[in-house]
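> Provided below are the primary sequence and the corresponding predicted coordinates.
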Amino acid sequence: MSAELSPIDTAKSIAAKYAVQFVEDGMRVGLGTGSTSAWMVRYLGERVQQEGLNIVGVPTSRRTAVLAQEAGLRIATLDEAKWLDITIDGTDEYDAELTLIKGGGGALLHEKIVASASDRMIVIADHSKSVAHLGAFPLPIEVIPFGLQTTRAMVEAMLDGMDVLGWEAVLRTIDDQPFVTDQGNHIIDLHLKRIGDPRHLALALNQVPGVVENGLFIDICDMVISGHGDGRIEVT
Ligand code: 5RP
């Protein structure tokens, strides 16, 4: 299969294929969002068809719910499943401490809730997501629609005193309209260039009224499986 794929898709697909081996019969599995997670959902569907695994998946987005059903996976809400054995999800950046920036696909709120309600979170990625310092990828925050521009201004003012190299807060749009999350909120992408203290920043962001959640995943991820375009896998 990988002969037909670009190096980046090869990297994503092999990481996803490796990760689904951690899923065992009877498990409740959090299903991430994004192109790498889409591979994971397909491979999990193959295992269910071929091995008759009895698993239930909890999707982190409407997009993933559709993919999971197409792949033949049984799905449930988080409240139906209550607690999960494992969550497998992608990332936009990860560092040596397995701190993540997530939310490039706009699903960070559900992703963080689902991963936090799991015994184990495995992240799958192409190796380009590995960074020495977080922050080159804009950090997404989910904000409620009410007072959106005021919230944005308060976030920018707060960033001014943080250990970051930039503090531009840009409302995410699609076709000139604000992007709307599955929860009916919006996303502001924070162009910070480099995040000196992710823990301090995450706490400060969630103190701003109107901010629902931020895309920093700290002490949540247990393992990163990263793929290379030449077929190599690294496990951190
Ligand atoms: C969605 C996410 C994704 O996991 C992240 O954006 C990575 O996406 P991809 O696998 O397409 O590179 O956080 O909210």
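That came in fine, so what should we check first?
> how about the residues of this structure by the ligand?
With CB under 6 Å from any ligand atom as the criterion, the chain meets the ligand at residues 32-37, 89-92, 102-108, 111. For glycine as for every other residue, the C-beta is placed from the backbone atoms N, C-alpha and C.
> restricted to helices, list those.
35-37, 108, 111 (DSSP state H).
> from these, pick the one nearest Leu98.
Glu111 (15.0 Å; CB to CB).
> what residue ranges in this protein score low on pLDDT?
Within the chain, the set of residues satisfying pLDDT under 70 comprises 1-3.
> and the residue lying closest to Ser13 once chain neighbours are set aside, what does it touch?
Among residues not flanking Ser13 along the chain, Trp39 sits closest, at 4.6 Å (CB to CB, 6 or more residues apart in numbering). Trp39 makes contact with 12-13, 15-17, 124 under the criterion CB atoms under 8 Å, 6 or more residues apart in numbering.
> neighbour count and distance to Arg62 added to the ones in helices among the residues of the chain next to the ligand, as TSV?
Output for these, formatted as TSV (neighbours: other CB atoms under 10 Å; distance: CB to CB, whole Å):
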residue	neighbour count	distance to Arg62
Ser35	15	16
Thr36	28	18
Ser37	32	13
Leu108	28	15
Glu111	32	13
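> any buried residues in the strand or helix carrying Gln50, and which?
Secondary structure from DSSP states H and E places Gln50 in helix 35-51. Neighbour-count burial for helix 35-51 flags 36-45, 47-48 (criterion: 16 or more other CB atoms under 10 Å).
> and of these, the nearest to the ligand?
Thr36 (3.3 Å; CB to the nearest ligand atom).
> was I right about that closest one contacting Lys12?
Yes: look at Thr36 against Lys12 with CB atoms under 8 Å: they come within range, at 4.3 Å.
> give the residues shared as contacts by these two.
Common neighbours of Thr36 and Lys12, counting by CB under 8 Å, 6+ apart, are 90, 124-126.
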